[in-house]
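1. Here's my sequence, what's the structure:
(chains A and B)
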Amino acid sequence: MSRPLRVALAGNPNVGKTSLFNELTGAAEAVGNLAGVTVDVSVGRVAARHGAARPIEVVDLPGIYSLNASSEDGVLAYEVLCGRGSVVPDVIVLVLDATNLARNLYLALQVRELGCRCVVALNMMDAARDSGIDVDVDALAKALGVPVVETVARSGDGIDALLTTVARGGPVAAAQFVDVEEPTVRAYEARYGRAAGRWHCIEAHGQAPDPDTGRAVEALVEARYAAVDQMLERVVRPIRPPKPTRSRSEQIDRILTHRIGGPLVFVVVMALVFQAMFAGAEPFMKSIEATVGWLQAWISNTFGDHLWVDLINDGVLAGVGNVVVFVPQVALLFAFIGLLEDSGYMARAAFIIDRIMMKAGLSGSSFVPLLSGYACAIPAILGTRTIRSRRARIATMLMVPFASCSARLPIYALLIGAFFEADTIVWGPFSIGGLLLLAMYTLSTVSALAMGFVYSRTILRGPRLPLFIELPPYRLPRLRHTLSKVWERVRGFLRDAGTTILAATVVLWAVLTFPQPPPDVGVEAEVTPIEHSLGGRVGKAIEPALQPMGQDWRVGIGILGSFAAREVFISTLGLVFGIENADEDDAPLRERLRTARDPKTGRKLYTPLSATALMVFFVYAAQCMSTLAVVRRETKTWRWPAFMFLSMTLIAYVAAVLVYQVGTWLGWGTDVSMFV
Amino acid sequence: MTPDACSLADLELRTAARIVKVCASGAMRVQLLEMGFVRGTRVEVLKRAPLGDPLELRVRGYHVCLRAEDAAAVRVERCQ
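-> Sure, this is the predicted structure:
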C-alpha cells in the first residue's frame, strides 16, 4: 500500500481555497488538525468519489497574501512550502483568483522562487469571464513554469482535472527568480542562498529596520510586482469592452457602508446575531438540560441511592450536559459567522465598527466575538478565529470573559431578588433591580474594553502593523458550505474542549462529595454533607480571605461549585443550606440568604452591601472551567488560561473587597438596610 | 514638493493617484509594499467608513480598507 500523496493548498485569503478543500475532501471525510502548530490547519483525505488513482491527503494552509515573517500564518506557510514544516507536501496546489491576478501573482512569484512541485488552480474563472476578462491558461502555465488548471471551486468544476494533474506529479519546477540588482539583496542571497536570502532580508527589516534593508525590501517587492505586470500583459485579455468591475458590489455598498444606512444595517444584523444566540438557542439548551435531567431521574429511580449512581448522575452525566449544552450557541454563532463571511458582509461590519474598536487597541474583526461573549464565552472564544492577528486574537480572548454572559444572570437575579426591593421604581421606567443589573452590565463592558486597551499596550504589544481588511465582492452565501463549517467547529469543540470539561466536572463532583460525613452525623448537628466534603473544608479554610469582601465560608463553597458553570453557584449554595434543587426555584434560598444569621453573634450573615460585592466578584471572576478549557484548546497552551484565571480572580477579589470596604466605610454595611 | 502630491490619507475621494513612496519602516513597510502599494501603482480612495475611518481603497484591482494613520505613510501624486 503506497503512502498517500500529500498535497498542500496555498493561496491568498478569499480566493476560494477553503471551498476547494471542502470540495476535495467532502464534508464526510475525516478532518483533523496539524499537530504541533498554534495555527489551525485542516487536514483531510480526498473523497473517494473523485476517483483519484491513489489516496491523497490535503493540508489547507492558512490564507496569506505573501510569504513573510510578519504573521504566524506566513511563517508556517513558508516552512511547509520549503519542505521544512511539520508536514512535508509532495505537491503544492497554489490557488489563484482569476479575477484578481494583479495581486495573486505576487504570491505565485514567491512560491516559484522556492522551486517546488506545484500545480496552479486558477479559480473563479466563471466570475472572471462575467466581468469581461479572459485568462490565457497556456500562457500563464508557460510564464509560471508549472501546470495550470481552471477550477470553479464553488460548483466543483475542474476539480477532477486538478486531481489528475496533481496525481501525475511531474518534475519539480526549477526555482525561478526575478532579477534584483540591489546590493543588500545580493549580500543576503550570497549568505543564505537565493530564496532564503530574500526571505531573511525582508525578515531582517521587519525585525530591526535600517535604511539598507528598507531599500532592499522596496527593490525586491517592486521587481516582483513589475514582473507581475509584465505577466498580466501576456496572460489577461479583455473578451469584450470591460464592464465596470464589481459594479453590483459597489451598488450594494452604497447602502451597506453608507454613512447612515451602514450603521443602521450593522446594528440590525448584530442585534439579530445576538438575539439568536441569547434567546434562539434557549429552547435547544432547555431541552438538552431536560433530557439530562430526565436521564438522571430515571437512573436514580431505577438504581436507588448509591454513591456510584451519584457519580454517574452528578459527575459524568452532568459533565456531558455541561459540554453538550454549549452546542446550540456554538452552532448558531458559527452559522452566522459562516454566512456573514461567505457573503462578504463580515468585512464590511469590521469596516464600520473599526473606528470604535481601535480605541480599545483592537480592530473591527474583534466585534462579533466580543458581542457573542454577552451570550456565552465559549462560542465567542471559538469565534475569535476570524481575527487574523494572533496578538489581537489573544487580546480578544482575554476580554471575552469580562462580558457578562447569560450564566451570570441567574446569580444577579438571586442576589438582587434576595437583598433589594427589585421592583421599586427609582425614576421613570427604572426600578432598583433594573438599574443594578444595568450597572453590572456597564461595569463588565467598561472593564472588557479597558482590559483590551491595557493588554494591547502591555503584554500583547507588538510591532505596529497596518490593518488590512480586504473587502471582497459580495457573493451569495452557500448553505452547505456553511453547515459543513459549523459541523467541523462543533466536532472540534466536542472532541478537544469537551473531554476537559467532562473530566473537570467529575473531579469537581468528587471534591464536593468526599469525604462523606459519617452516618451518625445527621440533622441534629446541622452539618450538610457538602460542608463535610473536601470542597466544604476548602470553603471554610478560605473564609478569612473572603471576609474582607463580606462573604463567609458558605459563599466560598458556592464559588468553588460555580467553577463548573457560574449558575451552579445557586444549586451549590442551596446544598450548603440544605435546600435541594435551588436552581429550579430560588425562592427558598432567597429567604434563607435574607434571614441567615451568624449563630455566634446573631448578626446577619449577608447584607445588600455584601450581595453587591458578590455580584461585582462574579462580574470579574473567571468562574468557568469551560471557558478555560476552550482557551486552552484555541491557544494550544495552558499559559493563557492560567493567566486568565489568575488575573481575573485577582481583579474580582480586589474589586469585591473595594466595594465592601468602601461601602462599610460609608456606613452602608449595617444589618438594617435602606433598601429592604 | 509638487503641489499635487499628498499623503494617501489626505487624498480626496474618487481621485485617481499614483503612489510615489512608502514612508514607513519595519513590518509596516513590508506589509504595505507587499500588499501592492509600490511606486507607480494607481490607487483611489473610494469611501470613508461612516465614522470617518478607515478608508476604502482600490489598488491593483482589489478593494481594501486601511486606517488613515496607516495610509498617511503612503505618499501619492494626483494623476493629471
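2. count of neighbours near residue A:53?
-> 10 (other C-beta atoms under 10 Å in any protein chain shown). C-betas here are computed from N, CA, C, even on glycine.
3. so it, which of the three states?
-> coil (DSSP: H, G, I helix; E, B strand; the rest coil).
4. which residues sit in contact with it?
-> residue A:167 (C-beta atoms under 8 Å, 6 or more residues apart in numbering or on different chains).
5. Touching, residue B:31 and residue A:74? I think so.
-> No - between residue B:31 and residue A:74 there is no contact, the gap being 10.1 Å when judged by C-beta atoms under 8 Å.
6. Comparing those two, which residue is more hemmed in?
-> Higher neighbour count among residue B:31 and residue A:74: residue B:31, with 24 against 19, using other C-beta under 10 Å.
7. Give me the distance between the more buried one and chain A.
-> With distances taken as C-beta to the nearest C-beta, to the nearest Å, residue B:31 is found 5 Å from chain A.
8. what touches both of residue B:31 and residue A:74?
-> In contact with both residue B:31 and residue A:74: residue A:68, using C-beta under 8 Å, 6+ apart.
9. can you map out the strands along chain B?
-> B:5-7, B:17-22, B:42-48, B:55-59, B:62-66, B:74-78 (DSSP state E).
10. Tell me which of those strands sits most buried.
-> Greatest average neighbour count among the strands of chain B goes to strand B:62-66 (a mean of 25), per mean count of other C-beta atoms under 10 Å in any protein chain shown.
11. And chain A, is it touching that?
-> Yes - using C-beta under 8 Å from any C-beta of the partner chain, strand B:62-66 reaches chain A at B:62-66.
12. Can you tell me which of these is nearest residue A:627?
-> residue B:65 (31.6 Å; C-beta to C-beta).
13. Phi and psi next, for residue A:102.
-> Backbone torsions for residue A:102, taken as degrees, to the nearest 10, come to phi -60, psi -30.
14. just checking, it touches residue A:232?
-> Yes - using C-beta under 8 Å, residue A:102 makes contact with residue A:232 at a distance of 6.2 Å.
15. for the longest helix along chain B, packing partners?
-> As assigned by DSSP state H, the longest helix anywhere in chain B is helix B:27-34. Contact partners of helix B:27-34 among helices and strands, from 3 or more C-beta pairs under 8 Å, 6 or more residues apart in numbering or on different chains; DSSP states H and E: helix A:194-207, helix A:211-235, strand B:17-22.
16. Nearest to residue A:474, out of these?
-> helix A:211-235 (24.9 Å).
17. Return the list of strands paired to the helix or strand just after the closest one, each annotated with direction.
-> Downstream of helix A:211-235, the first helix or strand assigned by DSSP states H and E is strand A:236-238. Applying DSSP bridges, strand A:236-238 is found paired with strand A:133-135 (antiparallel).
18. Going by neighbour count, list what's buried in the partner strand.
-> Neighbour counts over strand A:133-135 (16 or more other C-beta atoms under 10 Å in any protein chain shown) mark A:133, A:135 as buried.
19. quick one: contacts of it?
-> By C-beta under 8 Å, 6+ apart, strand A:133-135 touches A:98-99, A:101, A:122, A:125, A:128, A:235-239, A:242.
20. Which strand or helix spans the spatially closest residue to residue B:34 that is not a sequence neighbour?
-> Closest residue in space to residue B:34, ignoring its immediate chain neighbours: residue A:66 at 4.3 Å, by C-beta to C-beta, 6 or more residues apart in numbering or on different chains. Assessed by DSSP H and E, residue A:66 sits outside every helix and strand.
21. contacting residues for residue A:66?
-> Contacts of residue A:66 by C-beta under 8 Å, 6+ apart are A:74, A:106-107, A:110, B:34.
22. So for stretch A:283-296, mean pLDDT?
-> Stretch A:283-296 shows a mean pLDDT of 92.
23. Just the pLDDT for residue 1.
-> Going with chain A. 50.
24. Can you look at chain B instead?
-> According to the model, residue B:1 scores 51 on pLDDT.
25. swap in residue A:30?
-> Taking residue A:30 on its own, its pLDDT is 52.
26. Repeat that for the one 5 residues further on.
-> The per-residue pLDDT reported for residue A:35 equals 56.
27. Same check on residue A:245?
-> For residue A:245, pLDDT reads 60.
28. hmm, back to that, of the residues of strand B:62-66 next to chain A, which pair is most distant in space?
-> B:62 and B:66 (12.0 Å).
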